[in-house]
Every structure is written in C-alpha cells, then in structure tokens.
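Peer 1: pasting the structure only:
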C-alpha cells in the first residue's frame, strides 16, 4: 500500500511537470522581462544550448543560488586540488550565482544553468554530460532529478544539507514521498543538528552530521585599488556595512544611521541590499532624510557622503575589509539570517537580529568568541554601535582567536569531504 501511494504521488508530479512544459517558455520569458533570466539561462533551463562536452570525466555539482554556489565552488576546488585531471560541471539556477561561477579562474570548472525539473529535459541533460558523481548542495530536492539519478545508478551525495522548519513542514505533508526521495542519495551530510533531526523524522537512513562547509570558503576577495581609493579619499571616517538587507530592514538601518550621525558625524554607512531591485527604495529613503549618498563602486568619492549603496554583485569583500563592523540583514525580519563568516573573515564584528535559524550552529559556535552580537530593536542597535565606536581597541580583541577557530573548522571540512567522496572519485576514474 505504501509503495502504491508513493508511485501515485510520483505519477501525479510527473504529469504536472510535463504539463508545465507547455507554458515553461512563457513563464521564463516573463522572468526575463523582470531581469531574472537571460536568453542563455532560458535556453539552458529548457535543455537547449548546453556547453560543449569535453572528453574529461565529469563530476556534477548543483548549487541553486549565490550562497550555495560559493560553497559549491569550495567543494569543487577541494576536489580539483586532489584530482586535477577531472572537470567539474557546476550548475546553478540564478543569474547572480552564474556570474560568480563564471568569474572563477579555474578552467576545469564549467557552468550551466540547471534545466527545469521535467523528465525529458533531465534525460537530455544527463545523457549530454554523463556525470560520474552527482553532488547537490544544501537545500535542493527535485523529485524528477532524484528519481532519474537513482535510475542511472550514479553515486549521489547531498553536502551541507539544510532543511528549514518551513520546508520540513511542507515535506512532512508528503511523508512517504519525502522518505523515498531523501533516501535516494548515498549520503546526506547535514550542516546542523536541526536538519539532521528533521531528516531523521522523515525516515532518512543516510543522514549524518558534518562540519558546515561554509567554514572552508575562502575570504571574499578584495579589490585593492578600490580599497585604497576609498580609504584615501575619506581617510578620517569610520566605516560600517549593512549587508544583505531586506526591504523593511533598509528603512530600519537608514533611520538608525541618521540618529548616529548626530553623535558621530564622521560615521559612514555602506548598505548592500540583498536584492538589487530594492536599491531605488534605499535611494528614496536617503533622499527623504536629505542624506548625501553615492554608489559603490564609483569613480570619485566625496567626503560629504554619509551613505554608500553597493550597486554590484560579488564585491562585498572590499567593503567588509574597510568596515569596522557589520550589520547582517535577513535577521531583523524572519528570513533566517545570512552567513556571518564572510564578514568575520575580514575582521568585522557582526551585529544581527534574532532570526538566524538558517545559520544557528554557526552563530552559536562564534557567539562564544564574543564576535557576534544580537540586538532586538533600534535602540539596542544604536547602543551597540556607540560602544564599538567609543572603544574600538577593546572591541577588536575578541577577533584575535577567530582565525584559529575557522582554520580548525576548515581542516575538519576538508577531511570530511575526503572521507565522504574521494573513494568514490577514485573508483570512477577506473571505469
């Protein structure tokens, strides 16, 4: 009876996704008008215009968006350092993640947009690339892909798996189907205990707890020319950055910055909205406050500028490096927070809100080093920033132990990845 229910669910999903194929091009074209697709991404999501396959053996890594893609790159680099004769196919779903992958200097990494979860597209994709190993990063679980990978008998792993509370509730409604799908990979390596517990509740028999791979991500790169130009132009200022801010958080940050300027007139805020579509809203808020603002990067920097707005993707490393501390968005509204490691690696203490469930294990381990600070409201934010500014030397001290902690965790990540997949890679080389 259980198997019949699963087969019925799979049959219904297959029918629905095949029906979606009829309108897929229209759907993607609408996204193109909103700058969420390009002509290349549309073609590749329809399993057209795929890159020319090279003769080397392929390991396929899929990472949906920017955060997962950066971690996927880390896994790819670890593999290629040990197996330089291989090639990595790294698929993503968003334009911004594609841009980041394409900026990689490693010629053994190939990028393609992942075709939609429609059986005919999947079969064409798998036949074209014939990957020897499949690796999905974090939270991607596509039924048709999982089922076709299972049929192909290709070794399959989910690394740095994360299952949010919301996703868990959704999959729980399809308990038997969820159990079937989650047990298809050889191993599901979980980045936190919450995910492990949720997968076990879905009857996963292949889930294990591992170190979060984000600890092994390299520092975000710094553009030294941009850094020096900004530093020299406004060398008597105190910089801080509000990164990955969401819509309502932008107003929260700018209101607080206006109040801070009354006490600290040499303070400069760099704001990097999570979604570029909200930049115009940030500009309007600054204009309402009659606050001098400018884009980053810019050809010329004015000393009177009180607010900089980051207008490009993939350049935060430079602005973390120039900032004394960082406010991380997605945590004051219930978006689950964003990764604090990127800021901390550039010696930026991190201020965040209470919604950090997507990175709870990281915040818990780093919070013990007194380098991340949770605040509840605008008053607490004002007070914490004031403390940082008034006692800059003292508040830099806790970060001295951070590098050792991150290095230890990075070593753990590399060991775990080797233990999980390197034997499988060796075997695939002999086929």
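Peer 2: Thanks, I have it. Everything numeric in this text was worked out from a predicted model, so none of it was measured.

Peer 1: Now do residue 417, the pLDDT please.
Peer 2: With respect to pLDDT, residue 417 scores 97.

Peer 1: Secondary structure element holding it?
Peer 2: Using DSSP states H and E, residue 417 sits in helix 402-417.

Peer 1: go on, residue 354?
Peer 2: Here residue 354 is assigned to no helix or strand, by DSSP H and E.

Peer 1: what's across from the closest residue to it other than its chain neighbours in the sheet?
Peer 2: Excluding its sequence neighbours, the residue lying closest to residue 354 (C-beta to C-beta, 6 or more residues apart in numbering) is residue 374, at 6.2 Å. For every residue, glycine as well, the C-beta is placed using N, CA and C. In this entry, residue 374 is beta-bridged to residue 352, by DSSP bridges.

Peer 1: so who does residue 374 touch?
Peer 2: Residues in contact with residue 374 (C-beta atoms under 8 Å, 6 or more residues apart in numbering) are 351-354, 356, 367.

Peer 1: which residues in the stretch 101-250 of the chain form helices?
Peer 2: Ranges of helices in the stretch 101-250 of the chain, per DSSP state H, counting those that start in this stretch, are 119-129, 143-152, 165-172, 175-182, 193-201, 224-233, 247-263.

Peer 1: ok, residue 207 - contacts?
Peer 2: Residues in contact with residue 207 (C-beta under 8 Å, 6+ apart) are 161, 182, 187-188, 190, 195-196, 199-200.

Peer 1: re the thing from before, I'd like the helices of the stretch 101-250 of the chain laid out as JSON lines, including mean pLDDT.
Peer 2: Shown next, in JSON lines, are the helices of the stretch 101-250 of the chain (pLDDT from 0 to 100):
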{"stretch": "helix 119-129", "mean pLDDT": "97"}
{"stretch": "helix 143-152", "mean pLDDT": "96"}
{"stretch": "helix 165-172", "mean pLDDT": "90"}
{"stretch": "helix 175-182", "mean pLDDT": "91"}
{"stretch": "helix 193-201", "mean pLDDT": "95"}
{"stretch": "helix 224-233", "mean pLDDT": "89"}
{"stretch": "helix 247-263", "mean pLDDT": "94"}
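
Peer 1: Deepest in the core, which of these is it.
Peer 2: Highest mean neighbour count among the helices of the stretch 101-250 of the chain (mean count of other C-beta atoms under 10 Å): helix 175-182, with a mean of 20.

Peer 1: Okay, buried residues for the helix holding residue 417 please.
Peer 2: Buried residues in helix 402-417, counted by 16 or more other C-beta atoms under 10 Å: 402, 405-406, 409-410, 413-414, 416-417.

Peer 1: Next: stretch 322-335.
Peer 2: Applying 16+ other C-beta under 10 Å to stretch 322-335 flags 322-332, 335 as buried.

Peer 1: Just the endpoints, please. Distance across that stretch?
Peer 2: 26 Å (C-alpha to C-alpha, to the nearest Å).

Peer 1: Give me the mean pLDDT for that stretch.
Peer 2: The average pLDDT for stretch 322-335 rounds to 94.

Peer 1: so what's the nearest residue to residue 329 once chain neighbours are set aside up against?
Peer 2: Excluding the flanking residues, the one nearest residue 329 by C-beta to C-beta, 6+ apart is residue 245, at 3.5 Å. Each residue near residue 245 by C-beta under 8 Å, 6+ apart is listed here: 253, 271-274, 278, 327, 329-330.

Peer 1: Show only the entries of those residues found in helices.
Peer 2: The helices, defined by DSSP state H, take in residue 253 from those.

Peer 1: Residue 90 contacts residue 108, doesn't it?
Peer 2: No: contact criterion C-beta atoms under 8 Å: residue 90 and residue 108 do not qualify, at 10.4 Å.

Peer 1: Settle it for me: which of those two has more neighbours?
Peer 2: The neighbour count for residue 90 versus residue 108, taken as other C-beta atoms under 10 Å, is higher for residue 90 (28 against 18).
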